[in-house]
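K.L.:
Compute the structure for the input listed below.
(one chain, ligands or ions: 1)
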Amino acid sequence: MQPLGSAEQPLKKIPIDVEGACGHNLAMVEIGKMRVAVVTGAGRGLGAAIAKKLAQQSIRVICVSRSKNCEKIATEIIAAGGAAESMAVDVSDGEAVKLACEKLLEKQGTVDILVNNAGITRDALVLRMGGEDWEDVIRTNLSSCFHWTKHLLRGMTQNRWGRIVNISSVVGKTGNFGQANYAAAKAGMIGFTKSVAKEVASRGICVNAIAPGFIESDMTAALSEKITEEMKKLIPMKRMGNPEDIANAVSFLCSEGAGYITGEVLTVDGGMTM
Ligand SMILES: NC(=O)c1ccc[n+]([C@@H]2O[C@H](COP(=O)([O-])OP(=O)(O)OC[C@H]3O[C@@H](n4cnc5c(N)ncnc54)[C@H](OP(=O)(O)O)[C@@H]3O)[C@@H](O)[C@H]2O)c1
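P.N.:
Got it, this is the predicted structure:
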């Protein structure tokens with residue numbers, strides 16, 4: 001784990017009822033006090049778009065990724081007038097996540113919003129899948145949600161306000177050829193989401209999952225053009241989603257206005273699995 005990145009700026013005083021680009025109310029309680037969000041996997045793709053979108057909603061964003069990519073995203077957020085910091089943490093390492101959370105809480109007080117987005121694929125038919133490919137995917141995609149949630153939840157319960165959004169996948173609902181490890185992790189995230197939602201609902205904390213479909217990112221860029229074209233044919237909207245499509249949904253679920261939505265799985269897939 002590396003220390004908090006250099007991409008920091010002091011808290012700003014911001015008016016209470018600024019409207020976000022999506023039109024929903026901003027997650028802000030009082031003048032001068034910004035909500036703080038942790039977004040894992042914020043170095044690229046969906047996580048970077050989510051971090052930028054939350055920052056536009058006047059939320060201070062802690063960008064987490066495995067490499068230093070998160071530092072670049074935090075710098076971009078600050079250049080655009082937002083508040084951000086970066087932390088390089090291997091989310092598959094429970095002890096590293098614990099240390100990162102301790103450091104964060106010491107510095108920030110409470111984290112109000114957690115977006116568990118970091119994820120990997122290690123595709124193979126189950127008969128050929130190595131144990132390591134199974135373990136890596138479960139640890140990175142699923143166990144990480146447990147560790148971040150466990151260490152950041154207490155502050156939310158004390159504040160009687162919190163938002164947790166877990167980025168699952170449509171394959172967590174449907175299964176997928178060659179993705180037994182990934183689908184199991186993504187399905188596990190849905191069960192985890194609903195269980196935690198029940199445990200903390202009375203504390204004003206909403207816990208939801210998003211199930212993205214086929215979204216443009218490095219993860220899907222690895223697929224051949226032929227597969228990509230075949231996939232598009234299965235999508236009623238006839239296009240891949242873009243990271244902003246997911247960021248908009250996350251932003252809504254993190255807003256004040258989503259305070260009566262919990263334990264839900266919001267599918268964002270252009271109609272692919274309806
Ligand atoms: N793209 C899709 O079509 C799609 C569909 C459904 C669900 N999803 C889910 O959406 C999430 C984001 O996907 P994406 O397409 O944006 O993926 P991506 O472009 O491959 O980016 C993954 C991000 O996760 C980070 N990450 C991976 N392993 C990590 C680890 N051990 N510790 C810390 N950070 C780690 C990466 O860090 P570095 O930048 O440092 O490498 C990167 O920032 C994933 O959970 C994925 O399963 C994606």
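K.L.:
How much space separates the residue of the stretch 101-250 of the chain found nearest the ligand from Lys107?
P.N.:
With Cβ to the nearest ligand atom as the measure, the residue in the stretch 101-250 of the chain that lies nearest the ligand is Gly119; the distance is 2.2 Å. To be clear about C-beta, it is placed using only N, CA and C from the backbone, and glycine gets the same treatment. Gly119 sits at a distance of 26 Å from Lys107 (criterion: Cβ to Cβ, to the nearest Å).
K.L.:
of these two, who's got more company?
P.N.:
Shown here are Gly119 and Lys107; by other Cβ atoms under 10 Å, Gly119 has more neighbours (25 against 12).
K.L.:
For the nearest residue to the more buried one once chain neighbours are set aside, give me its contacts.
P.N.:
Beyond its immediate neighbours in the sequence, the residue positioned closest to Gly119 (Cβ to Cβ, 6 or more residues apart in numbering) is Asn141, lying 4.6 Å away. Under the criterion of Cβ atoms under 8 Å, 6 or more residues apart in numbering, the contact partners of Asn141 comprise 118-120, 182, 185-186, 189.
K.L.:
gap between Val126 and Ser143?
P.N.:
From Val126 over to Ser143 the distance is 20 Å, taken as Cβ to Cβ.
K.L.:
Same check on Gly119?
P.N.:
12 Å.
K.L.:
hang on, the earlier thing: which ones among the contacts of Asn141 map onto helices?
P.N.:
182, 185-186, 189 (DSSP state H).
K.L.:
ok, back up a step: please identify which of Val126 and Ser143 sits among more neighbours.
P.N.:
Legend: neighbour count by other Cβ under 10 Å for Val126 and Ser143, higher for Ser143 (19 against 11).
K.L.:
As TSV, the contacts of Asn141 with pLDDT would be great.
P.N.:
What follows is the contacts of Asn141, written out as TSV (pLDDT from 0 to 100):
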residue	pLDDT
Ala118	98
Gly119	98
Ile120	98
Tyr182	98
Ala185	99
Lys186	99
Met189	99
